[in-house]
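Asker: What follows is a protein structure lacking sequence information:
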Ligand SMILES: [Zn+2]
């Protein structure tokens with residue numbers, strides 16, 4: 001993580017301190033088909049990022065980097081929604097089918113709109129090692 005940039009972004013979104021981000025190695029149950037997954041937790045407020053690090057070499061590294069930034073921005077927007085939305089708004093929103101939820105659309109357009117400006121909030125670096133070492137290193141490098 002680029003702590004300075006992340007802190008600035010969190011301040012911009014009205015958080016009194018930078019939100020905690022935890023990195024995990026495996027995707028959550030039921031997730032499939034991507035390299036990076038994110039989850040926003042309401043209480044305590046934090047973000048989980050799941051890395052499928054064996055994919056992070058060769059041409060997919062650049063894509064993983066873009067996905068990481070988009071995912072962090074998307075989940076951070078959810079944390080802001082947790083903070084600001086009244087419960088009635090959530091209750092109404094979760095009754096909609098997933099792709100039609102206001103919370104998801106808002107998080108997605110925030111992520112897309114901010115991705116360029118905040119592309120340095122976290123970096124995945126390429127490493128040439130055995131796959132297990134590479135996995136561990138990729139994880140540590142993202143964590144920092
Ligand atoms: Zn979402």
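Answerer: Right, received. Where do you want to start? Just so it is clear, the structure is predicted and the values come from calculations on it, not from any experiment. Numbering: from 1, shown residues only.

Asker: Please count neighbours and contacts with C-alpha atoms only from this point.
Answerer: Will do.

Asker: need the strands for this protein, in chain order.
Answerer: Assigned by DSSP state E, the strands in the chain fall at 20-24, 36-41, 46-51.

Asker: Quick one: residues contacting residue 122.
Answerer: By Cα atoms under 8 Å, 6 or more residues apart in numbering, the contact set of residue 122 is 1, 2, 68, 69, 142.

Asker: what's in contact with the longest helix anywhere in the chain?
Answerer: Ranked by residue count, the top helix of the chain under DSSP state H comes out as helix 60-84. Residues from elsewhere that reach helix 60-84 (Cα under 8 Å, 6+ apart): 13-15, 19, 35-42, 45-47, 49, 55-56, 103, 106-108, 110-112, 114-115, 118-126.

Asker: could you redo the last one with a cut-off of 7 Å?
Answerer: Helix 60-84 is contacted by residues 13, 35-40, 42, 45, 47, 56, 107-108, 110-112, 115, 119, 121-124 when judged by Cα atoms under 7 Å, 6 or more residues apart in numbering.

Asker: now stretch 6-13
Answerer: Against stretch 6-13 from outside (Cα under 7 Å, 6+ apart): 18, 19, 80, 121.

Asker: Quick check: pLDDT value at the third one.
Answerer: Looking back up the chat, that one is residue 80. We have a pLDDT of 97 for residue 80.

Asker: so how far is residue 78 from the residue nearest in space to the middle of the chain?
Answerer: Residue closest to the average C-alpha location in the chain (Cα atoms, centre = their mean): residue 72, at 2.5 Å. Distance, residue 72 to residue 78, by Cα to Cα, to the nearest Å: 10 Å.

Asker: for residue 92, same thing?
Answerer: On the measure of Cα to Cα, residue 92 and residue 78 end up 16 Å apart.

Asker: which of these two has more neighbours?
Answerer: residue 78 (24 against 11; other Cα atoms under 10 Å).

Asker: circling back: may I see the PyMOL selection of the buried members of the contacts of helix 60-84?
Answerer: Entered in PyMOL, the line below selects the buried ones among the contacts of helix 60-84, by 16 or more other Cα atoms under 10 Å:
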select buried, resi 35+36+37+38+39+40+45+47+56+107+108+110+111+115+119+121+122+123+124
